[in-house]
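Asks: please find the sequence and the predicted model below.
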Protein chains: 2
Amino acid sequence: MKIGQLAKALDVSTDTLRYYEAHGLLAPSARTESGYRVYTEIHLQQMHFILRAKDVGFSLREIQELLHIQIDKHQHSCEEVKYITLQKRNLVQKKINELQRFERSLTFLADRCCGGKESADYCSILTALEEVDDIN
Amino acid sequence: MKIGQLAKALDVSTDTLRYYEAHGLLAPSARTESGYRVYTEIHLQQMHFILRAKDVGFSLREIQELLHIQIDKHQHSCEEVKYITLQKRNLVQKKINELQRFERSLTFLADRCCGGKESADYCSILTALEEVDDIN
DNA sequence: ATAAACCTTAGAGTAAACCCCAAGGTCAAG
DNA sequence: CTTGACCTTGGGGTTTACTCTAAGGTTTAT
Ligand SMILES: [Zn+2]
Ligand SMILES: [Zn+2]
Ligand SMILES: [Zn+2]
Ligand SMILES: [Zn+2]
């Protein structure tokens, strides 16, 4: 398989595949005489792994770690894999909490503004942002 | 007030203040003969506005819009302000939903892995990522 | 034989919100 | 008069995951 075919099969760009190679995620095992990258079924499977991991929220750096383990499962433990997964979930939860704080503040602000066409001279959103004390 | 004093009063860096100036958020109204930026109480208040808006989740681009309105309230309406706020909340909610999808997937994965010290040969997280069908 | 479609590399550009550095000018105190 | 704290500009670096371009070489079909 050449890069274009693999890209089409996975619905990613050839640029993405070269990017993954440059960043240690997926290297073709061979090149043609003229230098074209050659991929096999194995690479297709590895890309599936990568894309699924991405879909679950892992960053490329984390996927690299997982791939490392996946390729040589025997030398690694469930403990490691679970640790990475829980670490990630922790990070995701922190982000969610921050965004929910934003959401609450924005709701608080929006609820108090009439949203009318009159001038914003006394808009409660603007005055709340001008005030010194916390919204929450 | 010189830039360092304003920075200290707000607990931000002088770099940040120069950055905001370069990006149209807060321009000192004067310079000393030697070129030093001069700030007043008004700038302090504007920075409070900016920082509070940031705290609520607005991006600098959005804050710029809000500032524009705040500075000339009379020419703008509550409708505009509320629109920006609701738009932002919408965006925040979308991000939350995506992260919650991640969270669910990661929880699903983690729950099924024993996390033990034995080899990862049959780790359910890895096999789930290898499989073709969706986790959710 | 030639055009279309494909491949190669290296390098630049994108978003967001800054941080850090160098080289030099300014200002108050001792 | 010099030290040290402050200020200036301009530029580069950070993070993430790519995308795009240029300039050229290769393959395949007609
Ligand atoms: Zn109103
Ligand atoms: Zn209003
Ligand atoms: Zn296990
Ligand atoms: Zn496991």
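Replies: Yep, it's here. Ligands and ions are numbered 1, 2, ... in the order given.
Asks: please state the offset of stretch A:40-55 from the chain centre?
Replies: 15 Å (C-alpha atoms, centre = their mean, to the nearest Å).
Asks: quick one: is that stretch near chain B?
Replies: Yes - contact of stretch A:40-55 with chain B (C-beta under 8 Å from any C-beta of the partner chain) involves A:45, A:48, A:49, A:52, A:53, A:55. No exception for glycine: its C-beta is placed from N, CA and C like everyone else's.
Asks: buried residues in that stretch?
Replies: A:43, A:46, A:47, A:48, A:49, A:50, A:52, A:53 (16 or more other C-beta atoms under 10 Å in any protein chain shown).
Asks: what's the closest of the residues you listed to residue B:60?
Replies: residue A:53 (32.3 Å; C-beta to C-beta).
Asks: and the closest one, how far from residue B:35?
Replies: 53 Å (C-beta to C-beta, to the nearest Å).
Asks: touching chain B at all, the one helix or strand residue A:66 maps to?
Replies: Residue A:66 belongs to helix A:60-71 when assigned by DSSP states H and E. Yes - under the criterion of C-beta under 8 Å from any C-beta, chain B is reached by helix A:60-71 at A:66, A:69, A:70.
Asks: in that helix, what's buried?
Replies: Under 16+ other C-beta under 10 Å, the buried positions of helix A:60-71 are A:62, A:63, A:64, A:66, A:67, A:69, A:70.
Asks: for stretch A:115-124, same thing?
Replies: Buried residues in stretch A:115-124 (16+ other C-beta under 10 Å): A:115, A:120, A:123, A:124.
Asks: check whether that stretch contacts ligand 2.
Replies: Yes - using C-beta under 5 Å from the ion, we find that stretch A:115-124 touches ligand 2 at residue A:123.
Asks: what residues are up against residue A:60?
Replies: A:20, A:23, A:25, A:54 (C-beta atoms under 8 Å, 6 or more residues apart in numbering or on different chains).
Asks: repeat that for residue A:84.
Replies: Counted by C-beta under 8 Å, 6+ apart, residue A:84 has contacts A:62, A:65, A:66.
Asks: with pLDDT and distance to DNA strand C added, can I get these in TSV?
Replies: Formatted as TSV, those follow (pLDDT from 0 to 100; distance: C-beta to the nearest atom of the strand, whole Å):
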residue	pLDDT	distance to DNA strand C
A:62	96	18
A:65	96	22
A:66	97	23
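Asks: in three-state terms, label whichever residue of chain A sits closest to DNA strand C for me.
Replies: Taking C-beta to the nearest atom of the strand as the measure, chain A has residue A:4 as its residue closest to DNA strand C, at 2.5 Å. Following DSSP: H, G, I helix; E, B strand; the rest coil, residue A:4 is assigned to helix.
Asks: do stretch A:104-119 and ligand 1 meet?
Replies: Yes - judged by C-beta under 5 Å from the ion, stretch A:104-119 and ligand 1 are in contact via A:114, A:116.
Asks: say whether DNA strand C is contacted by that stretch.
Replies: No - on the criterion C-beta under 7 Å from any atom of the strand, stretch A:104-119 is out of touch with DNA strand C, staying 14.7 Å away.
Asks: check the contacts of residue A:60 and tell me the two furthest apart.
Replies: Longest span within the contacts of residue A:60, C-beta to C-beta: A:23 and A:54, 13.0 Å.
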